[in-house]
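In: Following is a predicted model, sequence given first.
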Amino acid sequence: MTTTRIVVTGIGATTPLGGTAAESWTNLLAGASGARTLEHDWVAQYEVPVTFAASAAVPAADVLERREVKRLDPSSQFALIAAREAWADAGAPGVEPERLLVDWATGIGGVWTLLDAWDTLRERGPRRVLPMTVPMLMPNGPAAAIGMDLGARGGERTVVSACASSTESIANAYDHLQAGLADVVVAGGSEAAIHALPVSAFAAMQALSKRNDEPATASRPYDVSRDGFVLGEGAAALVLETLEHAQARGARIYAEVVGGAVTSDAYHITAPDPEGSAAARAMITAVENSGASLDDVAHINAHATSTPVGDIAEYNALRRVFGERLGSIPVSATKASTGHLLGGAGAIEALFTVKALHERVAPPTINLVEQDPEIPLDVVTEPRPLGDGPLLAISNSFGFGGHNAVAAFRTFED
């Protein structure tokens, strides 16, 4: 089978570290944390047990027009901001609408819209429920908003696979371009679930860190004292296109997308398979799709949520894949800085992986004070040069339900 080369020509993001991709990357390299104490009235009203999260650094209302804010759930607002930035960054590619496709993702969808509408129904009656409620709460709302904004008629596809969602959307975008369904794809994911109910629910299942007095250091992947993840919000977008299309228009190229894979544990609704066999298979397949060897992998952006069970399960999967060589591969766990963006996590981590390859520097993992001896990885704790020559990197995402997704990227070489 002939393989079409796929490249990244545009990036965009709005995250807890910054309102743009550039700001997010700069603050990531600087070792910043996006976690902060929540100032919402509902924190005290409902006495939620976790009082902090990694909120978006720049509110969507500061960027979008008022009518857009009113007609879009926050998950769609973040998506539109990230996609517009990525599109502009790519030089607004000239492409036929029928050859432009959107592959987007979310883990939860329009939860703010749904819960606000429920409050309105209970307190003010059915006549006061907004007519736009259903379009705003639909999980495909972000993909639709992007598609309408950019005039994409090649398809507006939505993935919902928990925390693996947006890495799966990137893997799908790679497949769709390989299949010739489009010349350009806007891929990524968004999430906006910092609300009393999701926070309370995650806390009830003992998934969130309880470090209310020290939010900035609460997310600490691989540390012996890790006690859960920090909920984050935001979005990230990548513009992917065939190399032929990109070169024909003289586009700037960040990196090459060389593979993607999706597997499932079929093990437990929330816990990862501790043996990590399916997660390992996703990594192996993503690299094999690239035509490269596992020995070529020079950097890993790990899922690394800072949960006691999850970090070890991922290590076990990585060890299955890389064996003894694992200890010499630089691993970055960027959720320590951004928090966990759920369905948007894979997209921002893929963006960070692309930037790491383009700038040849692995970003740091903050808050690692005492590394768990059961996870003897080579964790990057300060920005680290990745060296010269061709580089291959993978970005891992694993989600509730046993969803595993991995994307592989390589430095671009003519």
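Out: Structure received.

In: Sticking with Val354, tell me its helix or strand.
Out: helix 345-359 (DSSP states H and E).

In: Would you pull up how far that helix lies from the middle of the chain?
Out: Using Cα atoms, centre = their mean, to the nearest Å, the mean C-alpha position of helix 345-359 is found 9 Å from that of the whole chain.

In: need the next SSE after that helix, C-terminal direction.
Out: strand 361-362.

In: Give me the residues contacting that next one.
Out: 29, 299, 330, 332, 356, 380, 383-386 (Cβ atoms under 8 Å, 6 or more residues apart in numbering). Using the backbone N, CA and C atoms, a C-beta is placed for each residue, glycine as well.

In: Tell me where the model's unsure across this protein.
Out: The model of the chain has pLDDT under 70 over residues 1-2.

In: among the contacts of strand 361-362, who's most crowded?
Out: Ala356 (31 neighbours; other Cβ atoms under 10 Å).

In: hey, where'd the helices end up in the protein?
Out: With DSSP state H, the ranges of helices along the chain come out as 21-29, 41-45, 66-71, 74-89, 111-124, 133-137, 141-150, 165-178, 196-204, 243-248, 277-289, 308-322, 335-338, 345-359.

In: Just want the angle from the fourth one to helix 21-29.
Out: Orientation of helix 74-89 against helix 21-29 (axes from the mean of the first three to the mean of the last three Cα atoms, to 10 degrees) gives an angle of 100 degrees.

In: in helix 74-89, what counts as buried?
Out: 74-87, 89 (16 or more other Cβ atoms under 10 Å).

In: Just the CA trace of it, in PDB.
Out: Extracted in PDB, the C-alpha atoms of helix 74-89 (Å, rounded to 0.1, in the frame of the first residue of the first chain):
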ATOM      1  CA  PRO A  74     -17.600  26.400  26.900                       C
ATOM      2  CA  SER A  75     -16.300  23.200  25.300                       C
ATOM      3  CA  SER A  76     -17.200  24.600  21.900                       C
ATOM      4  CA  GLN A  77     -15.900  28.100  22.800                       C
ATOM      5  CA  PHE A  78     -12.400  26.700  23.600                       C
ATOM      6  CA  ALA A  79     -12.500  24.500  20.400                       C
ATOM      7  CA  LEU A  80     -13.200  27.500  18.200                       C
ATOM      8  CA  ILE A  81     -10.400  29.600  19.700                       C
ATOM      9  CA  ALA A  82      -7.900  26.800  19.300                       C
ATOM     10  CA  ALA A  83      -9.000  25.900  15.800                       C
ATOM     11  CA  ARG A  84      -9.000  29.500  14.600                       C
ATOM     12  CA  GLU A  85      -5.400  30.000  15.900                       C
ATOM     13  CA  ALA A  86      -4.200  26.800  14.300                       C
ATOM     14  CA  TRP A  87      -5.900  27.700  11.000                       C
ATOM     15  CA  ALA A  88      -4.200  31.200  11.000                       C
ATOM     16  CA  ASP A  89      -0.900  29.600  12.000                       C
END
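
In: Run the chain-centre distance for that helix.
Out: So, by Cα atoms, centre = their mean, the centroid of helix 74-89 is 14 Å from its chain's centroid.

In: just checking, what packs against that helix?
Out: Here helix 74-89 is seen to pack against strand 6-14, helix 21-29, helix 66-71, helix 111-124, helix 141-150, strand 184-191, strand 234-242 when contacts are counted using 3 or more Cβ pairs under 8 Å, 6 or more residues apart in numbering; DSSP states H and E.

In: what's the answer for the second one, then?
Out: Counting by 3+ Cβ pairs under 8 Å, 6+ apart, the packing neighbours recorded for helix 41-45 are helix 196-204.

In: picking up where we left off before, Ile394: which of the contacts of strand 361-362 is nearest?
Out: His299 (7.9 Å; Cβ to Cβ).

In: Let me see the contact set for the residue lying closest to the closest one once chain neighbours are set aside.
Out: Excluding the flanking residues, the one nearest His299 by Cβ to Cβ, 6 or more residues apart in numbering is Ala393, at 4.0 Å. Each residue near Ala393 by Cβ under 8 Å, 6+ apart is listed here: 297-301, 353, 356-357, 408-410.

In: cool, Asp311 as well?
Out: 221-222, 226, 304-305, 372, 375 are the contacts of Asp311 under Cβ under 8 Å, 6+ apart.

In: measure it to Pro373 for me?
Out: 13 Å (Cβ to Cβ, to the nearest Å).

In: for Ser397, same thing?
Out: In terms of Cβ to Cβ, Ser397 sits 26 Å off from Pro373.

In: Just want to know which of the two has more residues nearby.
Out: Ser397 (33 against 7).

In: what about that one, distance to Gln247?
Out: 30 Å.

In: Stretch 95-107: how far from the chain's middle?
Out: 17 Å.

In: Between the two ends of that stretch, how far is it?
Out: Terminal residues of stretch 95-107 are spaced 29 Å apart (Cα to Cα, to the nearest Å).

In: Flag every buried residue along it.
Out: Buried-residue list, stretch 95-107, by 16+ other Cβ under 10 Å: 95, 99-107.

In: ok, Ser328 - contacts?
Out: Asp378.

In: separation between it and Thr353?
Out: 18 Å.

In: Kindly report the same for Glu256.
Out: 12 Å.
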